[in-house]
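A.B. asks: Quick one, structure for this:
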Amino acid sequence: LATCYFRNGQEYRAYHTLKGCTLPQSRYLLALCCYKIRKLVEAEQALKPDRKSPDSEIPNGAAGRYLMGVICKQSEGRTAAAVEYFSQALTMDPFLWSAYEEICQLGAEKEAMALMQNPDLDSLYPAGQAGLDMQHMGAGSVPCTPMASTPLSERAEPA
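C.D. replies: Next comes the predicted model:
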């Protein structure tokens, strides 16, 4: 029922339906609802009920960590925590490109480059066909600039 409410744009109804639920899927959906209705503290509590325990599991894998990163990014003074959650999301799902963009927008170029040089990425591709060959591209070749924040009309055409 809460999923139907959420998908129908009725986040407040979904929020009230999910309050008090403890299943991981319900906690993630509750966090999404809280985020949409701008209740960031409650969104974070839904994702990580025991904030003091570092072993407290965040539901929904990389997507849950990405959402936690977005929440931290929008909370004042929590940039480092946001970068950490985005990095965790990328480690779990290297194809979650929006997490990489968020890291770049936060100015964490070193962390972004370190994630792109992750040797585990090679295991995702057949031998010699990795999407990012950092040795041949050079360290400064992957721009860590927020392309998404540049209007299409101002973007340079690819050569």
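
A.B. asks: which residue sits closest to the residue positioned nearest the centre of the chain, ignoring its sequence neighbours?
C.D. replies: For the chain, the residue nearest the mean C-alpha position is Tyr66 (2.1 Å; CA atoms, centre = their mean). Nearest residue to Tyr66, sequence neighbours excluded (CB to CB, 6 or more residues apart in numbering): Ala89, at 4.2 Å. For every residue, glycine as well, the C-beta is placed using N, CA and C.

A.B. asks: Can you list the low-confidence ranges for this structure?
C.D. replies: 52-55, 118-159 (pLDDT under 70).

A.B. asks: how about the helices in it?
C.D. replies: Secondary structure of the chain (DSSP state H): helices at 2-7, 11-18, 24-36, 40-47, 61-74, 79-92, 97-105, 109-116, 134-137.

A.B. asks: Can you spell out which helices and strands pack onto the fourth one?
C.D. replies: When you say that, I think you mean helix 40-47. helix 24-36, helix 61-74 (3 or more CB pairs under 8 Å, 6 or more residues apart in numbering; DSSP states H and E).

A.B. asks: hmm, back to that, just checking, the residue nearest to Tyr66 touches Leu96?
C.D. replies: Yes - using CB atoms under 8 Å, Ala89 is in contact with Leu96, at 5.4 Å.

A.B. asks: Nearest residue to Met68 in space, ignoring adjacent ones along the chain?
C.D. replies: Going by CB to CB, 6+ apart, Met68 has Tyr85 as its nearest residue, at 4.5 Å.
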